[in-house]
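Enquirer: One predicted model, sequence on top.
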Amino acid sequence: MDFEFNDEQRMLQDTVRKFMEREIIPIADEYDRTKALLDRQKLKALFDKLAPFGYLGHVIPEEWGGSGLDYVSLGILMEELSRAYASLGGVILIQSASREIHDLGSEALKRKYLPDLCRGEKVLCTAITEPNVGSNNADIETMAVKDGDSFVINGTKIWISNGSISDLAIVVAQTRRGAGAKGLCHLLVDRKESPYTTRELSKLGLRSFPTSELVFEDCRVPAGHMLVPPGEGLKTILRLYEGARAMMAIGSVGMAQAAIDASVRYAKERLQFGKPIGGFQLIQEMIADMVAETEASRLLAYRAFYLIDKGVRADRETSLAKFFATEAAVQVTSKAIQIHGAYGLSEEYPVERFFRDARSFTIPDGTTQIQKLIVARSVLGLSAFR
């Protein structure tokens, strides 16, 4: 693996970082407090600013309106955006599920939806988690029953990112009661054509990142909107999780780097006992630990993207990156609060937001504990799952 970005990637990183410093970081605290990303008009304005960098088109080929980026370049985009505003990074992360439509959808579905998704005209969510189903996707209870040339969906999904603002939902559902993994399918639901209802949920961190309950009541979806047929649903979820976990990892790196940047500035400016607190040994120890944890996370995350670019199976590497980077970000942002003292608890400084957001990243797309079981299974050859 080459540990250096190529010239194009370095230019992308530099350009995006300057943009974030100028356009996104100054509004992040206010947008977080007011939950501005729930406002489709404000979100669309941000989409319009982000689209030229490839945030919406990401790895989708140009012929479908995408940017045709490689995954390492996508990682660069996600790190810089999460460093600036993690909730907006979350919205973009979920929007990247359009990859499933490109990879598995019919030509008709790709023509109908991909250009609008790549322009930010439509917002996508992926509906997997349910009130009674978290880590064990094989137990999904939402039903999709065939009825003529349609499927009728009934069920409730919860903790669905982008749910309340979504125009489209990729819904994982059971086609035969009690069939487990053998009955799972994926259906693309167009909210305008096949209405579903949503309810926004409050949470600790990522406060402006839409997170919702979705309710499907006799929601009729054309059979042609099936992306993944029964029996292939769980396998597809696990494959798509690789990209999502790599992006969760690099998003955590971005938050940790933001905490380091803020802590370095504060440690140089804050005077106690006649000198900057950055001159005290225990502050320096915390800074050194923060840098080490973040650099290790960054290497794991970019290795995961590198392997995805190569097209090889990377469940072990993406799970390792996800659990290490998300937990490291919690430690790094916590140390940032400690360095700031009482000000670290105040909304006058962004580090309390960094901590809340980082803590929230340890749960989605598989908890830390689930990731550790995946890694241990690959090492031991023994599964903790049934």
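Expert: Perfect, thanks for sending it. Numbering: from 1, shown residues only.
Enquirer: Pull the residues that contact stretch 344-363.
Expert: 28-29, 32-33, 86-87, 203-207, 248, 251-252, 255-256, 258-259, 262-263, 266, 323, 326-327, 329-330, 332-334, 336-338, 340, 343, 368 (C-beta atoms under 8 Å, 6 or more residues apart in numbering). Any C-beta I mention is one placed from the backbone N, CA and C, and that applies to glycine too.
Enquirer: Among the residues you listed, name the ones in helices.
Expert: 28-29, 32-33, 86-87, 248, 251-252, 255-256, 258-259, 262-263, 266, 323, 326-327, 329-330, 332-334, 336-338, 340, 368 (DSSP state H).
Enquirer: of the residues you listed, buried ones?
Expert: Among the ones in helices among the contacts of stretch 344-363, those classed as buried by 16 or more other C-beta atoms under 10 Å are 28, 32, 86-87, 248, 251-252, 255-256, 258-259, 262-263, 266, 323, 326-327, 329-330, 332-334, 336-337, 340, 368.
Enquirer: Name the SS class of Leu214, please.
Expert: strand (DSSP: H, G, I helix; E, B strand; the rest coil).
Enquirer: Strands of the stretch 1-150 of the chain, residue ranges please.
Expert: For the stretch 1-150 of the chain, the strands defined by DSSP state E, counting those that start in this stretch cover 124-127, 143-147, 150-161.
Enquirer: out of these, which comes closest to Met78?
Expert: Judged by C-beta to C-beta, the one of the strands of the stretch 1-150 of the chain that comes nearest to Met78 is strand 150-161, at 14.3 Å.
Enquirer: Show me what the closest one is packed against.
Expert: Other elements packing on strand 150-161 under the criterion 3 or more C-beta pairs under 8 Å, 6 or more residues apart in numbering; DSSP states H and E are helix 86-95, strand 124-127, strand 143-147, strand 168-174, strand 184-190, strand 211-222.
Enquirer: The first one vs strand 211-222, what angle?
Expert: Which is helix 86-95. Calculated by axes from the mean of the first three to the mean of the last three C-alpha atoms, to 10 degrees, helix 86-95 forms an angle of 20 degrees with strand 211-222.
Enquirer: Any idea which residue is closest to the centre of this structure?
Expert: Leu93 (3.9 Å; C-alpha atoms, centre = their mean).
Enquirer: Give me the pLDDT value at that residue.
Expert: Per-residue confidence (pLDDT) for Leu93: 96.
Enquirer: So it sits against Ala244, correct?
Expert: Yes: with contact defined as C-beta atoms under 8 Å, Leu93 reaches Ala244; the gap is 7.0 Å.
Enquirer: just to revisit the earlier point, need the helices and strands packed on strand 150-161 in TSV (columns: distance to Gly278).
Expert: Formatted as TSV, the helices and strands packed on strand 150-161 follow (distance: least, C-beta to C-beta, whole Å):
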stretch	distance to Gly278
helix 86-95	25
strand 124-127	43
strand 143-147	58
strand 168-174	47
strand 184-190	51
strand 211-222	37
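Enquirer: Which one of these lies nearest to Ile277?
Expert: helix 86-95 (26.3 Å).
Enquirer: From the contact counts, what lies against that closest one?
Expert: helix 25-34, helix 40-50, helix 71-84, strand 124-127, strand 150-161, helix 233-269, helix 351-360.
Enquirer: Buried deepest among those, which one?
Expert: Ranked by mean neighbour count, these are led by strand 124-127 with a mean of 27 (mean count of other C-beta atoms under 10 Å).
Enquirer: what does it contact?
Expert: 94-95, 97-98, 100, 117, 142, 157, 160-163, 166-172, 212, 214.
Enquirer: Please name the nearest non-neighbouring residue to Pro61.
Expert: Gly68 (5.2 Å; C-beta to C-beta, 6 or more residues apart in numbering).
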